[in-house]
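Asks: Structure here, sequence nowhere to be found:
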């Protein structure tokens, strides 16, 4: 069955189809267009997707969604961004799937992927999720538009860096279950304080379907604030966390360098399982996953098996073997993003590794006026993790360099290119190497250089 027919797209968008065609996928990045896809030609501040229509057809697009006439099968609409929203809304209306919305300052992509793995294991081929980190005002409707009509479980990540953004996104997704993974200082430059970030995260509950479930981190200092935000919209509120008073909690959690054993108490049962990715933070992530699966009517046992099989994602915990002339080293790829909370969690994980510990740390962006203090405050978690050598990347890391003076060996460089050059000289066989920083710092290039990619 086709994902969309041209007549369905035209009806959803109030557009006009040039002729009949069917599509099996939807893309707004011409580089991602494959055979049989619909290419949506979005107009942005710096580029116009209409320039890439010919490329999309050359790559096998079955049709294009445009706001100006083009040669080839197309649907023409007044505004392609609004039309993509309309497709997302129509896709949500036609599905009978249980829909989950995920947000949070830390862990939302990893938890989204774990939820997809849990649902897909129980209902193979019938689970859908937003790919990559497509979690903004165009990524969310795209992810909805890509959802097959026969989907049983849909998982959608929603992000924000300003108040009001999640309120709009959640009303597109209309989740049956809405999860906040955690609240921490991310995008702090756009908020007065962490309480304001909690308020913005709590907007996800505004789109809940009647009788829907809000899933809230019990151990968060903003728990009560999130509960208050959910009460007006949720049919039930479920908490998760390490505290035994949480509705879903860990009776036991033993984190090791190669995985984590968890004995969890849910509302309906107990489950003992192993989480594949290492780190204390994965205990809490796993509890969030189980709370959502239980609320959505999924299979708890399958969720436990899926968590055991989880592997790290590129930029989010992927573990790579670095081949060196005299032996191998371990590379932990956390290069996609960073804020103070996620830095502390991954440094603690590095501390569990054997061998010499090397931390390649990029600047944390969008922290606001307290940026220098938050960077300097990483000195204690670095020391606690037993880091032997730190490679600091970016001018924003100067306060951390000053705080580390006399405590551990470190090198401070201006950018990712210099870091890649230095790293290749510093890494030795047997090392455990953590690479983490805000995505805009570009440490993915350091990962590629070390991994030989």
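Replies: Received, thanks. Keep in mind the model is a prediction, meaning the values are calculated, not measured.
Asks: Sticking with the residue positioned nearest the centre of the chain, tell me its helix or strand.
Replies: In the chain, the C-alpha nearest the mean C-alpha coordinate belongs to residue 109, at 2.0 Å (Cα atoms, centre = their mean). Counting by DSSP states H and E, the element that carries residue 109 is helix 108-122.
Asks: How about the contacts made by residue 63?
Replies: Contact analysis of residue 63 by Cβ atoms under 8 Å, 6 or more residues apart in numbering lists 6, 9, 21, 23, 38-39, 72-75. To be clear about C-beta, it is placed using only N, CA and C from the backbone, and glycine gets the same treatment.
Asks: Spatially, which two of those residues are the most separated?
Replies: Spatial extent of those (Cβ to Cβ) is set by the pair 9 and 72 at 14.7 Å.
Asks: Comparing the two, which residue is more hemmed in?
Replies: Set residue 9 next to residue 72 and count neighbours by other Cβ atoms under 10 Å: residue 9 wins out with 28 against 17.
Asks: Strands of the stretch 151-300 of the chain, start to end?
Replies: 153-157, 177-180, 213-217, 236-241, 248-256, 259-265, 270-275 (DSSP state E, counting those that start in this stretch).
Asks: Out of these, which is closest to residue 441?
Replies: Residue 441 lies closest, by Cβ to Cβ, to one member of the strands of the stretch 151-300 of the chain: strand 153-157, at 21.8 Å.
Asks: Return the list of helices and strands in contact with the closest one.
Replies: With contacts taken as 3 or more Cβ pairs under 8 Å, 6 or more residues apart in numbering; DSSP states H and E, strand 153-157 sits against strand 98-103, helix 108-122, strand 127-129, helix 139-145.
Asks: Sheet partners, orientation included, of the third one?
Replies: When you say that, I think you mean strand 127-129. Applying DSSP bridges, strand 127-129 is found paired with strand 153-157 (parallel).
Asks: which residues are contacting the partner strand?
Replies: Contacts of strand 153-157 (Cβ under 8 Å, 6+ apart): 95, 97-103, 108-109, 112, 115-116, 119, 123, 126-130, 133-135, 140, 143-144, 147, 173, 175, 296, 298.
Asks: okay, now the domains of the protein?
Replies: Domain assignment for the chain by automatic domain parsing gives 4-80, 95-309, 318-451.
Asks: Tell me which of these is the most buried.
Replies: Mean neighbours per residue, mean count of other Cβ atoms under 10 Å, is largest over those for domain 95-309, with a mean of 21.
Asks: Distance from the chain centre to that one, please.
Replies: Domain 95-309 sits 11 Å away from the centroid of its parent chain (Cα atoms, centre = their mean, to the nearest Å).
Asks: beta partners of residue 321?
Replies: On the basis of DSSP bridges, residue 321 is bridged to residue 330.
Asks: And it, how far from residue 172?
Replies: 41 Å (Cβ to Cβ, to the nearest Å).
Asks: go on, residue 260?
Replies: Note on residue 260: its distance to residue 172, by Cβ to Cβ, is 34 Å.
Asks: before we move on, back to that, need the residues that contact the helix holding residue 109.
Replies: Contacts for helix 108-122 (Cβ under 8 Å, 6+ apart): 100, 102, 104, 126-130, 133, 135, 152-153, 155-159, 179, 181, 277, 285-286, 288-289, 292-293, 296, 298-299, 302-303, 305-307, 309-310, 313, 316-317, 336.
Asks: Specify the angle between it and strand 98-103 in degrees.
Replies: If you take axes from the mean of the first three to the mean of the last three Cα atoms, to 10 degrees, helix 108-122 sits at 160 degrees to strand 98-103.
Asks: Make residue 1 into 30 and carry on from there
Replies: Taking 30 as the first residue, the last one we looked at is helix 137-151.
Asks: Show me what the mean pLDDT comes to for helix 137-151.
Replies: The average pLDDT for helix 137-151 rounds to 95.
Asks: now it and strand 299-304, what's the angle there?
Replies: Computed by the same axes, to 10 degrees, the angle between helix 137-151 and strand 299-304 is 110 degrees.
Asks: Can you pull the poorly scored residue ranges out of the protein?
Replies: The chain contains residues with pLDDT under 70 at 214-219, 286, 482.
Asks: if you set the cut-off to 80 instead, what comes out?
Replies: Across the chain, the ranges flagged by pLDDT under 80 are 30, 161-162, 190, 214-221, 284-288, 307-308, 341-342, 395, 482.
Asks: what helix or strand does residue 372 sit in?
Replies: Using DSSP H and E, residue 372 falls in helix 369-379.
Asks: Helix or strand next in line after that helix, which one?
Replies: strand 386-391.
Asks: Which strands and helices lie in contact with whichever helix or strand comes after that following strand?
Replies: Next along the chain after strand 386-391, taking DSSP H and E as the criterion, comes helix 400-405. If you count contacts as 3+ Cβ pairs under 8 Å, 6+ apart, helix 400-405 packs onto helix 427-433.
Asks: Which strands and helices lie in contact with the helix it packs on?
Replies: Looks like helix 427-433 contacts helix 400-405, helix 408-413, strand 418-422, strand 438-442 (3+ Cβ pairs under 8 Å, 6+ apart).
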